[in-house]
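Student: Give me coordinates for this.
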Amino acid sequence: MRFATRAIHAGQPPDPSTGAVIPPVYQTSTYAQDDVAVHKGYDYSRADNPTRWALEQCLASLEGARFALAWSSGMSAIDAVLRLLTAGDHVLVSDDAYGGTHRLLRQVVARFGVESSAADLTRLDAVREAMRPNTRMILMESPTNPLLKVVDIAALAGMAHQAGALAVVDNTFLSPYFQTPLALGADIVVHSATKYLGGHSDVVGGALMTGDEALFQRAKFIQKSVGSVPGPWDAWLVLRGVKTLALRMERHQSNAFRVARFLESHPAVTRVYYPGLPSHPQHALASRQARGHGGMVSFRLAGGLAKARDMLTRTRIFTLAESLGGVESLIEHPALMTAASVPKDELDRLGVTDDLVRLSVGIEDPDDLVEDLTQALA
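Tutor: Residues are numbered from 1 along each chain as shown. Just a heads-up that it's a prediction; the model follows:
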């Protein structure tokens, strides 16, 4: 079965007891047992839940994975990945990765003896220099958040494996519709299911996928032991969202292309970041390793913070808000919002400066989106 068909059917056969076409919400915490020594497969919903199982089977299929696990948020999925490490291990992470990932590494995980450092993962020479004898994980985003840099997943996975490290990819920005990192050599893929997988800004969730059974069993043990799992309603909402993922991603992308081209021609805009544009420095790589370029666009404004703030308050369709990947278009200021936990001098060095604005382009009429940006930039 092809992607759009699997999104609707994988892990979701009609309910055997009622014939219900849509998987039920199993709103239960525990399950009756016939015998103290023989379980039916479900005993307590922290460990397993049929609604969550259906979601996990579907997500595994879409990512080309053997296994998937659902989590209560994207950050809890990344936290679980980091719990695969032990004290003394080192993580190499994208220098402009999501601010929450840097915060987790530096302010939480570091307290338990796991080291981390950041590098520009688009430069393989910089990766080689940053690798340490104790590097046990390369944690990458592609595209990155918020500068939309594209890394060579296959090359980085090869470098990680040569060093005895895991290659982990946050695939939130492109979704499995446009990119499947496991096929490029990654060991683990993580998602904020809050974003494109859910797609409607009405649920918070996360996911982890892998083709390695040993990694799956270790992550499953962490999931059961820590208990950072989505409730059945949250799992059901993500599963419902996934059914239209193929349709939505195509519209997100076509709208993003339209917006990016408009911004690239606007006199108030000094630079546009969108991997689908030929002007993007990794355009060729992005076109080679992914099947599309997604719905995220970042750009710089002449006039710095004053101009950015003025624009951010003048949009009528683009809503000023954090997050991304919903059907509605959002606009935000990374330096003051999603990356605010990163020290300013570091943001300045990375180029996440006051003139940078990030868009999550929704699926509205593209003419309305361009008209909204036109009046906001006037």
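Student: Now do the helices in the stretch 51-200 of the chain.
Tutor: For the stretch 51-200 of the chain, the helices defined by DSSP state H, counting those that start in this stretch occupy 74-82, 99-103, 124-130, 153-162, 175-178.
Student: any idea which of those helices is most buried?
Tutor: Burial of the helices of the stretch 51-200 of the chain is given as mean neighbour count (mean count of other Cβ atoms under 10 Å); helix 175-178 ranks first at a mean of 25. Every C-beta, even on glycine, is put in place using the N, C-alpha and C of the backbone.
Student: for that one, packing partners?
Tutor: helix 50-63, helix 245-264 (3 or more Cβ pairs under 8 Å, 6 or more residues apart in numbering; DSSP states H and E).
Student: rerun at 7 Å
Tutor: Judged by 3 or more Cβ pairs under 7 Å, 6 or more residues apart in numbering; DSSP states H and E, the packing partners of helix 175-178 are helix 245-264.
Student: rewinding a little: kindly reformat the helices of the stretch 51-200 of the chain as CSV containing mean pLDDT and distance to residue 288.
Tutor: Shown next, in CSV, are the helices of the stretch 51-200 of the chain (pLDDT from 0 to 100; distance: least, Cβ to Cβ, whole Å):
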stretch, mean pLDDT, distance to residue 288
helix 74-82, 98, 26
helix 99-103, 92, 26
helix 124-130, 97, 15
helix 153-162, 98, 10
helix 175-178, 98, 13
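Student: quick one, which of those helices is nearest to residue 311?
Tutor: Ranking those by proximity to residue 311 (Cβ to Cβ) places helix 99-103 first, at 21.5 Å.
Student: Give me the contacts around the closest one.
Tutor: Helix 99-103 is contacted from outside by 75, 78, 93, 338-342, using Cβ atoms under 7 Å, 6 or more residues apart in numbering.
Student: try 8 Å
Tutor: Residues outside helix 99-103 that contact it (Cβ atoms under 8 Å, 6 or more residues apart in numbering): 75, 78, 93, 118, 139, 170, 334, 338-342.
Student: same thing with stretch 239-252?
Tutor: Here stretch 239-252 makes contact (Cβ under 8 Å, 6+ apart) with 3-4, 7-8, 12, 22-23, 51, 54-55, 58-59, 62, 175-178, 196-200, 203, 292, 294-295, 327, 361-363.
Student: quick one on the thing from earlier: give the buried subset of the contacts of helix 99-103 as a PyMOL selection command.
Tutor: Remark: buried members of these, expressed as a PyMOL selection using 16 or more other Cβ atoms under 10 Å:
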select buried, resi 75+78+93+118+139+170+334+338+339+342
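Student: which residues does residue 364 contact?
Tutor: 255, 317, 328-329.
Student: at 7 Å what do you get?
Tutor: 317, 329.
Student: One more: residue 131?
Tutor: Residue 131 makes contact with 92, 163, according to Cβ under 7 Å, 6+ apart.
Student: next one: residue 208
Tutor: With Cβ under 7 Å, 6+ apart, residue 208 has these contacts: 68-69, 71, 77, 80-81, 188, 190, 219.
Student: which of those residues lies closest to residue 262?
Tutor: Distance to residue 262, by Cβ to Cβ, is smallest for residue 190 among those, at 32.3 Å.
Student: any idea how far residue 153 is from that closest one?
Tutor: According to Cβ to Cβ, to the nearest Å, residue 190 stands 13 Å off from residue 153.
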